[in-house]
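> I need the structure of the sequence given here:
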Amino acid sequence: MNALAATSRNFRNAARLLGLDAKIEKSLLIPFREIKVECTIPKDDGTLVSYVGFRVQHDNARGPMKGGIRYHPEVDPDEVNALAQLMTWKTAVADLPYGGAKGGIGCTPRELSKSELERLTRVFTQKIHDLIGIHTDVPAPDMGTNAQTMAWILDEYSKFHGHSPAIVTGKPIDLGGSLGREAATGRGVVFATEALLAEHGKSVKGLTFVIQGFGNVGSWAAQFLHEKGGKVVAVSDITGAISNPNGLDIPALVKHKEDTGSLLNFSGGDVMNPNELLIQECDVLIPSALGGVLNRENASSVRAKFIIEAANHPTDPEADEILSKKGVIILPDIYANAGGVTVSYFEWVQNIQGFMWDEEKVNNELHRYMNKAFQNIKNMCKTHDCNLRMGAFTLGVNRVARATLLRGWEA
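A predicted model of the protein is given here:
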């Protein structure tokens, strides 16, 4: 099942639990606006090349739309639609005054030089600058984009609209980026994990963790879990997988990956088959790489007691049912990985105020937001007698539906 079908199915289940009217249900699913633009740039050798850029703006009932821009060859309209919709529910779950958006350019960033990427980013910004805005739609980095990409968008947008640091988040610190943004998603994942474990009378200390994906999110989550006394017994990324039943030395592993670009040949762990990572014996499994990795083929073999969805949509609906029957507790992506967009919100707030916070304040506020959201989800679970995923979806959908009705849009 693709991401759009799965997201829409979760939405419809939540709408049914909430007893939403069919008209409002339909109106909440349809995106506010879809933008598709041609971006033609001269390559370094002088030849012209065209790319398709787009932006899906899903809903703005609760505030400006917010979501990443990805540079990836497989930029599929269906997937972007699903991710834009997911951002609408995610920002509502975290109680941020935003709606959802997502966008990108169908290109392979590895094959473009830095100057070609800059030209492409600037042309894309020129095409959409009058459709985004500080109080309209605020982009952020995603797959294949980073703080530098945001700096180019900020500069290009500011040529049309005057200095506007709040137009994007995930910027370099020197241009108004927030302290703590880099580690925010990974830190949020750990705050979410602690909230869930506390509910079950456990803490991170002494438990075993398996992490799929050792990019930004996975590596930061591993470091924080390690600091709090958790045992990370296996990790994997695109280069391979390694394990150590006594717990990997995470700071040493992070340094090894920085030095060599790979997890392999790390002296403190044994190489393992990456396909067996998800079914490794552990207390907590954290998929933080790609979507759809837990499916009906492998779900029945999963041995973790808790799954924390740090990636977007890592669990197929079929796997969801199999795991629930086994009694595995799943903390859903729209809550578990909301740390990134929450600190993006803090960055936007700091830019609008022209007043920057220190890192301690950023992390304390993130902790407060993640804890508050977890309590709100638990309340929805009690009200509707449902699992955590439906608790989070009913919470998010209900907030957006209420805002929509209050604004009188249903007429």
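> buried set for stretch 71-83?
Tyr71, His72, Val75, Glu79, Val80, Asn81, Ala82, Leu83 (16 or more other Cβ atoms under 10 Å). (C-beta placed from N, C-alpha, C; glycine too.)
> so of those residues, which ones are in strands?
Under the assignment DSSP state E, those contribute Tyr71 to strands.
> would you list the buried residues of stretch 71-83 in CSV and tack on distance to Leu120 and pLDDT?
Listed next are the buried residues of stretch 71-83 as CSV, based on distance: Cβ to Cβ, whole Å; pLDDT from 0 to 100:
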residue, distance to Leu120, pLDDT
Tyr71, 8, 94
His72, 13, 90
Val75, 13, 84
Glu79, 20, 81
Val80, 17, 88
Asn81, 22, 89
Ala82, 24, 86
Leu83, 21, 88
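> tell me the one among the buried residues of stretch 71-83 nearest to Pro165.
Checking the buried residues of stretch 71-83 against Pro165 with Cβ to Cβ, the nearest one is Tyr71 at 22.2 Å.
> ok, now how distant is the closest one from Leu117?
8 Å (Cβ to Cβ, to the nearest Å).
> got any residues that touch both of these two?
Pro109, Thr149 (Cβ atoms under 8 Å, 6 or more residues apart in numbering).
> stretch 329-341: end-to-end distance?
Counting by Cα to Cα, to the nearest Å, you get 24 Å between the two ends of stretch 329-341.
> show me how far it is from its chain's centre.
8 Å (Cα atoms, centre = their mean, to the nearest Å).
> how distant is the host helix or strand of Asn351 from the center of its chain?
Per DSSP states H and E, Asn351 falls inside helix 339-353. Per Cα atoms, centre = their mean, the displacement of helix 339-353 from the mean C-alpha position of its chain is 15 Å.
> just how off-centre is the following helix or strand past it within its chain?
The helix or strand immediately downstream of helix 339-353 is helix 359-384, counting by DSSP H and E. Helix 359-384 has its C-alpha centroid displaced from the chain centroid by 16 Å (Cα atoms, centre = their mean).
> any idea which element the residue located most distally from the centre of the chain lies in?
Distance from the centre of the chain peaks at Gly46, with 36.9 Å (Cα atoms, centre = their mean). Using DSSP H and E, Gly46 falls within no helix or strand.
> how near is it to Glu116?
12 Å.
> same question, Glu199
Glu199 sits 49 Å away from Glu116, going by Cβ to Cβ.
> you'd agree Arg181 is up against Thr169?
Yes - counting by Cβ atoms under 8 Å, Arg181 does reach Thr169; the two are 7.3 Å apart.
> more crowded one of these two?
Per other Cβ atoms under 10 Å, whichever of Arg181 and Thr169 has more neighbours is Thr169, with 28 against 23.
> quick check: pLDDT value at that one.
Thr169 carries a pLDDT value of 97.
> got it, and Ala411?
On pLDDT, Ala411 comes in at 52.
> cool, and Leu248?
95.
> okay, and the common contacts of Arg181 and Thr169?
Counting by Cβ under 8 Å, 6+ apart, the residues touching both Arg181 and Thr169 are Ser344, Glu347.
> if we can go back for a sec, between Glu199 and Glu116, which is the more surrounded one?
Glu116 (17 against 13).
> so the more buried one, which of the three states?
Three-state call for Glu116 (DSSP: H, G, I helix; E, B strand; the rest coil): helix.
> quick one: contacts for it?
Ile41, Lys43, Asp44.
> ok, and the closest non-adjacent residue to the second one?
Of all residues not flanking Lys43 in the chain, Val49 sits nearest, at 5.5 Å (Cβ to Cβ, 6 or more residues apart in numbering).
> report the contact partners of that neighbour.
Residues near Val49 by Cβ under 8 Å, 6+ apart: Thr40, Ile41, Pro42, Lys43.
> can you tell me the element it falls in?
Element membership of Val49, judged by DSSP H and E, is strand 48-57.
> in that strand, which residues are buried?
Tyr51, Gly53, Phe54, Arg55, Val56, Gln57.
> below-threshold pLDDT in the stretch 301-411 of the chain: ranges please.
Within the stretch 301-411 of the chain, the segments meeting pLDDT under 70 span 409-411.
> hang on, Ile35 in a strand?
Yes - using three-state DSSP, the secondary structure at Ile35 is a strand.
> which ones are touching the closest residue to it other than its chain neighbours?
With Cβ to Cβ, 6+ apart as the criterion, Ile35 has its nearest non-adjacent residue at 4.4 Å, and that residue is Arg55. Each residue near Arg55 by Cβ under 8 Å, 6+ apart is listed here: Glu34, Ile35, Ile69, Ala101, Lys102, Gly103, Ile128, Leu131, Ile132, Asp137, Pro139.
> ok, of these, which come out buried?
Glu34, Ile35, Ile69, Ala101, Lys102, Gly103, Ile128, Ile132, Asp137, Pro139.
> so where does Glu321 fall, helix or strand?
helix 317-326.
> next, the buried residues of that helix.
Buried, per 16+ other Cβ under 10 Å, within helix 317-326: Pro317, Ala319, Asp320, Ile322, Leu323.
> need the strands for the stretch 101-250 of the chain, in chain order.
137-141, 208-212, 231-237, 240-243 (DSSP state E, counting those that start in this stretch).
> and stretch 147-155, what's buried?
Using 16+ other Cβ under 10 Å as the test for burial, stretch 147-155 gives Ala147, Thr149, Met150, Ala151, Trp152, Ile153, Leu154.
> how about low-confidence regions in the stretch 51-200 of the chain?
For the stretch 51-200 of the chain (pLDDT under 70), the answer is none.
> and Asp316, backbone torsions?
When read as degrees, to the nearest 10, the backbone of Asp316 gives phi -70, psi 150.
> distance of the residue nearest to Glu156 when sequence neighbours are not counted relative to Leu29?
Closest residue to Glu156 apart from its sequence neighbours, by Cβ to Cβ, 6+ apart: Thr125 at 3.9 Å. Using Cβ to Cβ, Thr125 is found at 29 Å from Leu29.
> so Asn244 is in contact with Asp270, correct?
Yes - with contact defined as Cβ under 8 Å, Asn244 reaches Asp270; the gap is 6.8 Å.
> more neighbours: which of these two?
Using other Cβ under 10 Å as the criterion, Asn244 and Asp270 rank with Asn244 on top: 18 against 11.
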